[in-house]
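A.B. asks: 3D, please:
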Amino acid sequence: DHHIINHPSNYENCIIVNNQKGASYHNKSLSGAGVVYKVLQAYDEKYNGKKGFYKEFEDLAALGIVADAMDIRNLDNNAIIYNGFSNIQNEMFKGLLEQQKFSIKKPDNPTKLDVMFYIAPLINATIRSGTDEEKLAIKPFCFLTQKPIIYLANVMEDNINEQNDYVDKIIEYATKEGST
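C.D. replies: Take a look at the predicted model:
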């Protein structure tokens, strides 16, 4: 995401970094939630006939971008935030906004400041220091570090049916982690 990696990774797992030193990607301040959103968008455009399923997650991408205090001068971040906050679909996000209606004037269309000061701290506090019961309560809503892991492998379409040691390692690792 927006972090700069100063040394090569020794991890066996894949790391996506959009904040490269080159100028090929314009948004150097995209959070991890934004990166996942962009991966879903690219997948939808390439393999799903541009049906727009990725927009179902725009509210969570917007929440992640604001909660991670990303540079909102970036037009791409602003577009995700505007569209996401204009169409909130995640039930937990809606519920948190409704619970904060004494502080938020328009819970159905919050501002960046509303989310930054009244919603993000609630989620972060629960994840960092909530009880096991509280953490369990928010887990199904896939906020921040509670999100399920999606394992991806970039394989050339010509070779998709051939044996691939890297794909086998990803499948083995995902299976070991309890993914289906």
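A.B. asks: those helices in the chain, which residues are they?
C.D. replies: For the chain, the helices defined by DSSP state H cover 32-47, 58-67, 75-86, 91-99, 112-114, 120-129, 132-138, 165-176.
A.B. asks: correct me, but residue 134 touches residue 126?
C.D. replies: Yes - counting by Cβ atoms under 8 Å, residue 126 is a contact partner of residue 134 at 5.2 Å. No exception for glycine: its C-beta is placed from N, CA and C like everyone else's.
A.B. asks: and those two? Which one has more around it.
C.D. replies: residue 126 (17 against 13; other Cβ atoms under 10 Å).
A.B. asks: okay, that one and residue 91: tell me how far apart.
C.D. replies: 16 Å (Cβ to Cβ, to the nearest Å).
A.B. asks: burial count for residue 99?
C.D. replies: Neighbour tally, residue 99, other Cβ under 10 Å: 14.
A.B. asks: mind pulling the model confidence for it?
C.D. replies: The model reports residue 99 with a pLDDT of 90.
A.B. asks: for it, list the residues it contacts.
C.D. replies: By Cβ atoms under 8 Å, 6 or more residues apart in numbering, no residues touch residue 99.
A.B. asks: distance of it from residue 118?
C.D. replies: Taken as Cβ to Cβ, the span from residue 99 to residue 118 is 9 Å.
A.B. asks: OK, contacts around residue 110?
C.D. replies: So residue 110 contacts 85, 88, 97, 104, 119 (Cβ under 8 Å, 6+ apart).
A.B. asks: check residue 88 too.
C.D. replies: 59, 94, 97, 108, 110.
A.B. asks: drop anything exposed from those residues.
C.D. replies: Neighbour counting over the contacts of residue 88 (16 or more other Cβ atoms under 10 Å) leaves 59, 97, 110 as the buried ones.
A.B. asks: which one of these sits closest to residue 27?
C.D. replies: Nearest to residue 27 among the buried ones among the contacts of residue 88: residue 59, at 18.6 Å, using Cβ to Cβ.
A.B. asks: with adjacent residues omitted, what lies nearest to residue 101?
C.D. replies: residue 107 (4.9 Å; Cβ to Cβ, 6 or more residues apart in numbering).
A.B. asks: repeat that for residue 66.
C.D. replies: residue 115 (4.7 Å).
A.B. asks: who's in contact with that neighbour?
C.D. replies: 62, 63, 66, 67, 85.
A.B. asks: from those, which is closest to residue 139?
C.D. replies: residue 63 (16.0 Å).
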